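1. Okay, structure incoming, though there's no sequence with it:
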C-alpha cells in the first residue's frame with residue numbers, strides 16, 4: 001500500500017564502525033554492499049524475498065555520508081516515483097534525485113519537503 005514508511009537510511013563516516021555499533025547495541029544484522037558503498041540493515045527477523053518476516057518493524061540501510069552534517073532519512077513506498085515527484089514539486093518540495101533503478105528490485109528517488117527534510121521514495125519493480 002502506497003504511502004507507508006518502508007525503509008530508513010543512516011549515514012556513516014566509517015562503515016565498519018557504524019555496522020558494529022548498531023549490531024552490538026541493538027542486534028541488527030548488517031550486510032555490507034561495498035560495490036554500492038551501502039550496507040543493508042535488518043532490524044529483526046527477515047527473509048531475502050520479502051523483508052521483515054513479522055509485523056511491527058522495518059529494515060533499512062546505511063550509506064557513506066557525502067556531506068558534513070547530513071542526517072538520516074525515511075523512505076516512503078509509492079506507486080509511481082515520477083508522478084510523486086511531480087506532486088512534490090507542485091506542493092512546494094524539490095526533487096533531489098529522480099527515479100533510479102536499484103538492481104531488479106525497484107526504483108528509488110529523493111526529494112526535500114517544504115521544510116528542507118530529505119525524504120526517500122521507493123517503487124517496487
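-> Nice, I can see it. The model shown is predicted, which means the values in this text are computed figures rather than measured ones. Residues are numbered from 1 along each chain as shown.

2. could you say what helices and strands the longest helix along the chain packs with?
-> Longest helix in the chain by number of residues, with DSSP state H as the criterion: helix 15-26. Other helices and strands packing on helix 15-26, by 3 or more Cβ pairs under 8 Å, 6 or more residues apart in numbering; DSSP states H and E, are strand 5-12, strand 29-33, strand 38-42, strand 60-64. C-beta here means a position set from N, CA and C on the backbone, and glycine is covered the same way.

3. Number of residues surrounding residue 87?
-> Residues contacting residue 87 under the criterion other Cβ atoms under 10 Å number 13.

4. my read is it is in a strand, agree?
-> No - assessed with DSSP: H, G, I helix; E, B strand; the rest coil, residue 87 is helix; it does not lie in a strand.

5. Residues touching the longest helix of the chain, excluding its own?
-> Helix 15-26 is touched from outside by 10, 12, 28, 29, 30, 32, 34, 39, 41, 43, 62, 64, with contacts defined as Cβ atoms under 8 Å, 6 or more residues apart in numbering.
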